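# I need the structure of the sequence given here:
(2 chains)
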Amino acid sequence: MSMQIGDERTPYFLDLINRLDETQRDILASLRDRGPGLAMDIAVRVLRFPDEIGRPLRTLQEMNLVRARPFTGGQMGAELFSLTPEGEQVVRLLRNPDFMRALTNAPVEPAAVAATVAPAFNPHQEEIALLRRLGDLAAKRGDDQSAADYYSQALEKTRHLTAAS
Amino acid sequence: MIDFWNPLIAGAVGAIWGVGELIGAFKNETGRAIRMGGAVLLIGVNFLAALLVYLLVAALVPAAASWSAAILVGLAWPTVIRNSAIKLAQPLDAADAQESAAVRFDQLYARVQDLASQLINGELTRQRLTLIGDATKLEIRTIERYARMALIASPLQEKQGMPASDFIDRILNEEKWSNEIKKAYLAAFIINNFGRQVLLDALRNERKESAG
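All right, here's what the predicted structure looks like:
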């Protein structure tokens, strides 16, 4: 699943990588360089404590960049984390100087500009946008049922918001 | 007549492909990974598949029953089988055609690869945990000393402004953790960042010292 800059999936990966924070990028790189591991393994690789990487790991799982498999026989963790093919692709792109240049030079979308000048943060709208994104991600990995669930939830919340206003 | 050795030559070349895949996937621990059950499974599948493909080719084309053809089949089988599918039916409707029954060798092989890497990763993790368990029998100051020495020999890159030496201090000063947990984390820190050999050497040295 190699990808070139200018590929039709480039905007998707640009958006995906833009949403990753430093800890998440470190986690992905450590899984690529040192192989799958328990939460404890990953924590010490990125110089963090396990409770500090729990949330970033779950988010990476939701983004379908990391998968967890049950692990038996260890007292120090019941899940073995590894990269998905998409996660491997993201690490390759993070190490691709051309792609990273494209990332820093990417024009800011009008919607993003509007968001930066928006007067107040609206948690309901954020939640709706997040549900849509999760729906998009589920659709991309072929999980139509979950995608439909996310979109329905987003629709429901939009209706509530419209009714309330 | 198929020579006894030719199928084995094809199988051996196929097995080399399997070894190559393992080297690519487990760069850090190739030696250990190659001795595990998952590796035997992957190498065995590659060996048998190349051998069977050769037997098929030699049976269909008698002229191919030679050692050079055996090598060629061994080299070529991955590209042929891993990228092929045998469709069992071809419905007229294009939409139905996508869903039609087919034997997809690439997917079958991907599943074998996935199973093999799961087995190997599980075993490597179990080995790491056993070693960490052994390390917790040492004094906490001893493990700390080895962690700091490893850091001097091979300093780690700072992560979000935190030098690795500060991380060791953080583990040692964590009030919620017992000494056992701190030792386990220090051992995990050594194994994951500097390799298991550093911890194995530490254990060996300490055993020698206590025996002496």
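# domain parsing for chain A?
Domain ranges of chain A: A:1-118, A:119-165, per automatic domain parsing.
# in TSV: these, plus distance to chain B and mean pLDDT.
To be clear about C-beta, it is placed using only N, CA and C from the backbone, and glycine gets the same treatment. Shown next, in TSV, are these (distance: least, Cβ to the nearest Cβ, whole Å; pLDDT from 0 to 100):
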stretch	distance to chain B	mean pLDDT
domain A:1-118	4	82
domain A:119-165	13	76
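# which bits of chain B sit near chain A?
Residues of chain B lying close to chain A by Cβ under 8 Å from any Cβ of the partner chain are B:26, B:28-29, B:118, B:121-122, B:124-126, B:128-129, B:132, B:156, B:159-160, B:162, B:164, B:167, B:170, B:174, B:184-185, B:188-189, B:192-193.
# of the residues you listed, buried ones?
For these, a burial check counting by 16 or more other Cβ atoms under 10 Å in any protein chain shown picks out B:26, B:29, B:118, B:121-122, B:124-125, B:128-129, B:132, B:156, B:159, B:164, B:167, B:184-185, B:188-189, B:192-193.
# which of those fall in helices?
B:118, B:121-122, B:124-125, B:128-129, B:132, B:164, B:167, B:184-185, B:188-189, B:192-193 (DSSP state H).
# and chain B, what are its domains?
B:5-85+B:98-119, B:136-211.
# among those, which comes closest to A:N18?
Between A:N18 and the domains of chain B, the tightest spacing by Cβ to Cβ is seen for domain B:136-211, at 18.1 Å.
# gap between the two ends of that closest one?
With Cα to Cα, to the nearest Å applied, domain B:136-211 spans 18 Å between its terminal residues.
# one step back: need the winner for burial among the domains of chain A.
Of all these, domain A:1-118 carries the top mean neighbour count, a mean of 16, counting by mean count of other Cβ atoms under 10 Å in any protein chain shown.
# next, B:M162: phi, psi?
Main-chain torsions, B:M162, degrees, to the nearest 10: phi -110, psi 110.
# closest one to A:M40 among the domains of chain B?
It's domain B:136-211; of the domains of chain B, that one is closest to A:M40 (Cβ to Cβ) at 5.4 Å.
# quick one: mean pLDDT over that closest one.
In this model, domain B:136-211 has a mean pLDDT of 90.
# which residues touch B:A33?
Residues counted as contacts of B:A33 (Cβ atoms under 8 Å, 6 or more residues apart in numbering or on different chains) are B:22, B:25-26, B:39, B:120, B:124.
# what about B:Y54, neighbour count?
28 (other Cβ atoms under 10 Å in any protein chain shown).
# and the gap between it and B:V73?
Separation of B:Y54 from B:V73 (Cβ to Cβ, to the nearest Å) stands at 4 Å.
# quickly list what's touching both of those two.
With Cβ under 8 Å, 6+ apart as the test, B:Y54 and B:V73 both reach B:A10.
# B:L172 and B:I181 touch, don't they?
No. Here B:L172 does not reach B:I181: they are 11.3 Å apart, not a contact under Cβ atoms under 8 Å.
# what about the strands in the chain?
Unless you meant another one, I'm taking chain A. A:66-70, A:79-83 (DSSP state E).
# could you do chain B instead?
B:85-87, B:102-104.
# mind telling me which of these the model trusts least?
The stretch with the lowest mean pLDDT among the strands of chain B is strand B:85-87, at a mean of 67.
# quick check: pLDDT value at the closest residue to B:I23 other than its chain neighbours.
Leaving aside its sequence neighbours, B:I23 sits nearest to B:T30 (Cβ to Cβ, 6 or more residues apart in numbering or on different chains; 5.1 Å). Per-residue pLDDT puts B:T30 at 86.
# hang on, B:T30 packs against B:E21?
No. If you go by Cβ under 8 Å, B:T30 and B:E21 don't touch, sitting 10.9 Å apart.
# those two: which is more packed in?
Ranked by neighbour count (other Cβ under 10 Å), B:T30 and B:E21 place B:E21 first, with 18 against 14.
# so B:R32 sits right up against B:L124, yeah?
Yes. Counting by Cβ under 8 Å, B:R32 does reach B:L124; the two are 6.6 Å apart.
# so what's in contact with the two at the same time?
By Cβ under 8 Å, 6+ apart, B:R32 and B:L124 have these common neighbours: B:F26.
# residues contacting A:E156?
Residues in contact with A:E156 (Cβ under 8 Å, 6+ apart): none are found.
# ok, now with 10 Å
A:128, A:131 (Cβ atoms under 10 Å, 6 or more residues apart in numbering or on different chains).
# for chain A, which helix is longest?
Across chain A, the helix with the greatest residue count (assigned by DSSP H) is helix A:144-164.
# quick one: distance of that helix to the chain centre.
Per Cα atoms, centre = their mean, to the nearest Å, the displacement of helix A:144-164 from the mean C-alpha position of its chain is 21 Å.
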